Structure formats: structure tokens, C-alpha cells
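# Return atomic coordinates for the entry below.
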Amino acid sequence: MEIGLLNQRISFLEHHTKTDDIGNHKAQWEEAFSCWAAVTPKSSTETTEAGVTKEIYSIEFIVRQTSDTMRINPTTHRLQFRGLTYNIDSILPNYKSMDYMRITAGTRRAGEQDDFY
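I've put the predicted structure just below:
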């Protein structure tokens, strides 16, 4: 892949639990780092549950393998692209050439958001 195809800026968010002055725990997402990526739309599906229509949009991101991107975990990281926050579905590193990795992520563009985020 040519480096010039990595033409979109994405940010990775990391989950942290903060404790306030009286001991309450609150989940927060903070930006860990940003990098350049090649972005390819994968699918867009629409479902209706209990009268709520949900549109789920899936995208594939190709990024360079670095020490930052190799520590990404789907349970503790999310990514932001063009104002939308995406949940990471899968990460496929290339262990043979160690140059690029594929990240598949999805977001809800319409309908109710997930309660626990």
C-alpha cells in the first residue's frame, strides 16, 4: 500500500474510570492518540426493534502498525472519524511484513445509543 492512500485523520479513544471527590466512579473516554488511515465503507444495515429503526454503519480502517496501534484493544478503545464514534469490531495485524493493520469498526447512525457508553 502506498503511504499517500492514508489520507484521513482518525483518533483513538481509551476508556478510563475517574473517581470524583466523594468516591463516585465515572467512565470517561479520552483521546489516546491520532494517526492517518485509509478508510473504506464496508456495509450499512437497517433494523427495526420495538418500533425503533437503527442504522448500523461499518467501516474498514487501514493504519500503519506502530507501538501505539499494536496496543489497541476492542474492549478498551474506540475510534473517532469525522465526528462519529465507532466501536472497534476486529483488529487484524499483519505479522509477516509488520507494516499495516486492518481495523473494522461500526457505529449507529440512527436509533438509540448503547446505554453503557
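
# In a strand, T69, correct?
No: T69: not assigned to a strand; according to DSSP: H, G, I helix; E, B strand; the rest coil it is helix.

# Mind listing residues that contact the stretch of helix or strand T47 belongs to?
Under the criterion of DSSP states H and E, T47 resides in strand 25-49. Strand 25-49 has contacts (Cβ atoms under 8 Å, 6 or more residues apart in numbering) with 1, 5-20, 53-64, 66, 68-69, 77-78, 80-81, 85, 104, 110, 117. For the C-beta atoms, the positions are set from N, CA and C on the backbone; glycine is no exception.

# so after it, what's the next helix or strand?
Scanning onward from strand 25-49 (DSSP H and E), the first element met is strand 52-64.

# for the residue nearest the centre of the chain, what are its contacts?
Geometric centre of the chain, nearest residue: L79, 3.0 Å, by Cα atoms, centre = their mean. The contact partners of L79, taken as Cβ under 8 Å, 6+ apart, are I10, S11, F12, L13, F61, T85, Y86, I88, I103, A105.
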